[in-house]
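# quick one, what's the 3D model for this:
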Amino acid sequence: MNSQVDLHHTASDCPNCGAHVSGNFCHECGQETVLHPPSTREFLHEFVGHYVALEGKLLQTMKLLLLKPGQLSLEYMQGRRVRYIEPLRVYLTFSLIFFAVFKFMGEDHHIGGVKLDGAPVVKVDPQDKKKAASTHPPAATAAKPDEDESDDPPAMDKVRAELRKDEALQDVKKDLGKDNAGIVETIEKIASAAADDDGAKLKKVFFGSAPYAVFAMMPLFALYLKILYLGTGKRYGEHLLFALHTNAFAFLMLTLLLVIPSGVPWVGKLLGLWLTFYLPTAMRRVYGGSRKMTALRWIVLMFLHLLTLTVAISVTVGVGASH
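Numbering: from 1, shown residues only. Just a heads-up that it's a prediction; the model follows:
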């Protein structure tokens, strides 16, 4: 083996694996045999080639992913893979971009021109609570819904709203009972995290755990497809491949819907329609079947996926907020 490699001439032994080589590449590991510190031009070429998809990988992948639902999955299933970006990389890229944009936008969230306003967190002084409770007890308020309260200061409305939240929490604690003390404690911690610092802790937990929870649902999404399409001969890995591609598309569309200005709602509506009909169209292209059966499978799939997704995110956020 060469004791010291001349970085500007062809090596007789591969500097990486030590195999005897002749030519510009090692036949064992594939590394170049002519090595030298890359110039700025070579470095940029390598960066663009690798991350922006050498030989049009990015363009080919995006073309099929956006315009031909299910075709990208079919290409992979039929063995045509080198020309496209790997499914897992596509999914991870678009999911991370979505959560990054969602977090960056802070409170200014809108989907297709429809603003998503969260309920404001009201911080109330304990003395105000006592005053509101004594002057406007919940029972009296419920008994006289038409009573004129226009003379009350606006702050008292917020106080009473806070009291109703406290009463709801107490009702939950009462329903769960002493046997579920651990669950009650977790709920109290989540409520406290939502109220502290305008929910900053809860938001931090959400953005830290939600991407992992969503990614963990991909195997379940593939399992649902496997059950819904029993007898088609498709392997579980093929269902997982389809799940990664279709969910990557969903994240891409949601990202676009987030960044589209609210002044052009018609663009958001078009993207929303395409997002809605993309999955059933892809399912029919990949798995076949009639339109009616595809629609039925799509409804069941979306119900199961949204249910498990909601549970997974709620559990991960709850566990994170309680620590």
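# tell me where the stretch 51-200 of the chain is predicted with low confidence.
51-56, 106-200 (pLDDT under 70).
# T255 against V101, yeah?
Yes. Taking contacts as Cβ atoms under 8 Å, T255 lies within contact range of V101: 5.4 Å. Backbone N, C-alpha and C define where each C-beta goes, glycine included.
# what's the nearest residue to A210 if we skip its chain neighbours?
Once flanking residues are discounted, A210 sits nearest to I313: 5.4 Å by Cβ to Cβ, 6 or more residues apart in numbering.
# how close does the one you found sit to L220?
Distance, I313 to L220, using Cβ to Cβ, to the nearest Å: 13 Å.
# roughly how far apart are A213 and T93?
Computed as Cβ to Cβ, the A213 to T93 distance reads 18 Å.
# now for C26: which residues touch it?
Counting by Cβ atoms under 8 Å, 6 or more residues apart in numbering, C26 makes contact with C14, N16, C17, A19, E32, T33.
# hang on, the earlier thing: residues of the helix or strand in which the residue nearest to A210 is found that come out buried?
Counting by DSSP states H and E, the element that carries I313 is helix 291-321. The neighbour-count criterion (16 or more other Cβ atoms under 10 Å) identifies 294, 297-298, 301, 304-305, 308-309, 312-313, 316-318, 320-321 as the buried residues of helix 291-321.
# and stretch 230-248, by the same measure?
Applying a neighbour-count criterion of 16+ other Cβ under 10 Å, one finds K234, E238, H239, L240, L241, F242, A243, L244, H245, T246, N247, A248 buried in stretch 230-248.
# quick one: which of the residues you listed is nearest to P87?
L244 (4.3 Å; Cβ to Cβ).
# contacts only, for that closest one.
Counting by Cβ under 8 Å, 6+ apart, the residues that L244 touches are P87, L88, V90, Y91, M218.
# tell me the first helix or strand C-terminal of whichever strand or helix holds it.
Element membership for L244 (DSSP H and E) is helix 236-259. Next helix or strand after helix 236-259 toward the C-terminus (DSSP H and E): helix 265-287.
# helices or strands up against that following helix?
Contact partners of helix 265-287 among helices and strands, from 3 or more Cβ pairs under 8 Å, 6 or more residues apart in numbering; DSSP states H and E: helix 71-77, helix 236-259, helix 291-321.
# who touches it?
Against helix 265-287 from outside (Cβ under 8 Å, 6+ apart): 68-71, 73-74, 77, 111-114, 229, 232, 234, 242, 245-246, 249-250, 253-254, 256-257, 260, 289, 291, 294-295, 297-298, 301-302.
# which of the contacts of C26 are buried?
Members of the contacts of C26 classed as buried by 16+ other Cβ under 10 Å are C14, E32, T33.
# between A213 and T93, which has more neighbouring residues?
More crowded of A213 and T93, by other Cβ atoms under 10 Å: A213, with 19 against 15.
# and that one, its phi and psi?
phi -60, psi -40 (degrees, to the nearest 10).
# per-residue pLDDT, it?
A213 is assigned a predicted lDDT (pLDDT) of 81.
# wait, it sits on T308?
No. Applying Cβ under 8 Å as the test, A213 and T308 come out as separate, 9.8 Å apart.
# in stretch 78-93, what counts as buried?
Buried, per 16+ other Cβ under 10 Å, within stretch 78-93: Y84, I85, P87, V90, Y91, L92.
# same deal with stretch 258-269?
Neighbour counts over stretch 258-269 (16+ other Cβ under 10 Å) mark L258, I260, G268 as buried.
# excluding chain neighbours, what is closest to F99?
Going by Cβ to Cβ, 6+ apart, F99 has P211 as its nearest residue, at 5.1 Å.
# helix or strand for the one you found, which one?
helix 200-216.
# SS state for G231?
What DSSP: H, G, I helix; E, B strand; the rest coil gives for G231 is coil.
# for it, give its distance to Y287.
11 Å.
# with M77 instead?
Using Cβ to Cβ, M77 is found at 11 Å from Y287.
# show me which of the two is the more surrounded one.
Just comparing M77 and Y287: by other Cβ under 10 Å the higher neighbour count belongs to Y287, 20 against 17.
# now do stretch 311-320, average pLDDT.
Stretch 311-320 shows a mean pLDDT of 75.
# same deal with stretch 249-265?
85.
# after the helix or strand where H45 lies, next one along is what?
Using DSSP H and E, H45 sits in helix 40-51. Per DSSP H and E, the first helix or strand lying C-terminal to helix 40-51 is helix 57-67.
# what are the buried residues along that following helix?
Using 16+ other Cβ under 10 Å as the test for burial, helix 57-67 gives K57, Q60, T61, M62, L64, L65.
# can you check what angle separates that helix from helix 236-259?
With axes from the mean of the first three to the mean of the last three Cα atoms, to 10 degrees as the basis, helix 57-67 and helix 236-259 are set at 80 degrees to each other.
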